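*Asks:* need a 3D model of the sequence below.
(2 chains)
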Amino acid sequence: MELIEQRIVKRAQKGDRLAFAELVELYKDKLFNLGYRMLGNPQEAEDIAQEAFLRAYANLNKYNADHKFSTWIYRIATNLCIDRIRKKKADFSLDAEVDGIEGGDMYSRLSAQGDTPEQEVVRLETRREVQDAIDGLPDNYRAAVILKYLHDLSLIEISEILEVPVSTVKTRIHRGREALRAGLRPML
Amino acid sequence: MICQENNEELLHRYLDEELSVAERTELEAHVAACDKCLTHLKELGTVIQTLQGAEWHKAPSGFTEDLMAKLQLAKPPRRNWRVPIMKYSGIAAAVLLVFGLGVSIATPNQFALQADHTDGLIVADGKVIVPEGSEYNGNLVIQNGDIEVRGKVNGNVTALNGKVHLARAAGADISGEVSEVDEALEKFGYYVKELFSGFFGTGK
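*Replies:* Here you go, the predicted structure:
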């Protein structure tokens, strides 16, 4: 699989747009789901996934085949998500102070606007609670937890994506799990 | 084992299967007897299961088409010479020694143009002109001569032993990299780059 993928990447690097489209097909769901889980709503998820592919295309020649393509593309998308979370935090920190709530809750409030009216109450509420709990995590823990449990990536790959040592990834996952335990307590 | 703060750490390492056999046996015995730690462990287990069972959100239909439409508007990706050069710098140095000198001696001081095509170009002696209002798609390499860009070039422009004049006032533009290579040594470097880009398939 990886070998085939490397060939597609090579073709794309030579300017073959169809090859790039193949890469998009391979990774669009992964990046979209990552964006959805990181940012909490489908609009921003689509936005960030598109942006990640555009950046990847523009920088395709900086990708070197010593690393997996998936690591590279995940890194671009994760960094974009973290940047956006931090930017939102900066934009809304004043409101958060006034309301006396933490930044994490602002995101869940914002993202709740994206819901459709026809809700299957119970199932959606559970889903919402899970996403709210994820939204409440600090961005670093959030990325590590999502990549590990929702994207099923190895600690080594996560450490390469986030560009931190494996020990740091472990700590973030550990803290993330503790924070989720608190966030999901009503459900547990 | 007394129930202490540091059990949290142990519980997480237990979940990640990082405890030694002795540690694990000790913790399991403790958890069996300690409601607090048992509940903690169960809750963490539920957190993990909940995450793993979370719905997978797929990209909306038309995602790829939307993206490819945006790419049509984007510039083609730049060729990056540096990666292979860095990677093979040792061989490059050797080639430079062996061929570089040869190239410098063998290169005549004649005007030459290397281009993907010459459509729309005005080629005069010692000078190449991209006329105002015209658009040239491709890379241009001029040896021992100048290039005057009054229109647009969608590609890289290189002048070996020459100058690149860009008439910005007339709306001229070069989307790629512009380089003027005058020094003899830099010229060797250029040939080595060309040579390697040929070898490793990153060139034209």
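*Asks:* near chain B at all, stretch A:161-178?
*Replies:* Yes: residues of stretch A:161-178 contacting chain B under C-beta under 8 Å from any C-beta of the partner chain: A:K170, A:H174, A:R177, A:E178. For every residue, glycine as well, the C-beta is placed using N, CA and C.
*Asks:* pull the most distant pair out of those residues.
*Replies:* Using C-beta to C-beta, the pair of the residues of stretch A:161-178 next to chain B lying farthest apart is A:K170 and A:E178, separated by 12.8 Å.
*Asks:* follow-up on the earlier one: can you pick the most crowded of the residues of stretch A:161-178 next to chain B?
*Replies:* A:R177 (25 neighbours; other C-beta atoms under 10 Å in any protein chain shown).
*Asks:* enumerate the positions of the strand or helix carrying that one that are buried.
*Replies:* Here A:R177 sits within helix A:166-183, counting by DSSP states H and E. Within helix A:166-183, the residues that qualify as buried by neighbour count (16 or more other C-beta atoms under 10 Å in any protein chain shown) are A:169-181, A:183.
*Asks:* for those residues, which one is nearest B:L195?
*Replies:* A:V169 (42.4 Å).
*Asks:* the nearest residue to A:Y149 once chain neighbours are set aside: what's it in contact with?
*Replies:* Counting by C-beta to C-beta, 6 or more residues apart in numbering or on different chains, the nearest residue to A:Y149 once its immediate chain neighbours are dropped is B:L51, at 3.8 Å. Listed by C-beta atoms under 8 Å, 6 or more residues apart in numbering or on different chains, the contact partners of B:L51 are A:V130, A:V145, A:Y149, A:L150, A:L180.
*Asks:* so where do the strands sit in chain B?
*Replies:* For chain B, applying DSSP state E gives strands covering B:112-115, B:122-124, B:127-130, B:135-137, B:140-143, B:146-149, B:152-154, B:157-160, B:164-166, B:173-174, B:178-181.
*Asks:* turn the ones you listed into JSON lines, including mean pLDDT.
*Replies:* Compiled in JSON lines, the strands of chain B are given as follows (pLDDT from 0 to 100):
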{"stretch": "strand B:112-115", "mean pLDDT": "80"}
{"stretch": "strand B:122-124", "mean pLDDT": "80"}
{"stretch": "strand B:127-130", "mean pLDDT": "86"}
{"stretch": "strand B:135-137", "mean pLDDT": "86"}
{"stretch": "strand B:140-143", "mean pLDDT": "84"}
{"stretch": "strand B:146-149", "mean pLDDT": "86"}
{"stretch": "strand B:152-154", "mean pLDDT": "87"}
{"stretch": "strand B:157-160", "mean pLDDT": "85"}
{"stretch": "strand B:164-166", "mean pLDDT": "85"}
{"stretch": "strand B:173-174", "mean pLDDT": "86"}
{"stretch": "strand B:178-181", "mean pLDDT": "81"}
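*Asks:* show me the longest helix that occurs in chain A.
*Replies:* helix A:69-99 (DSSP state H).
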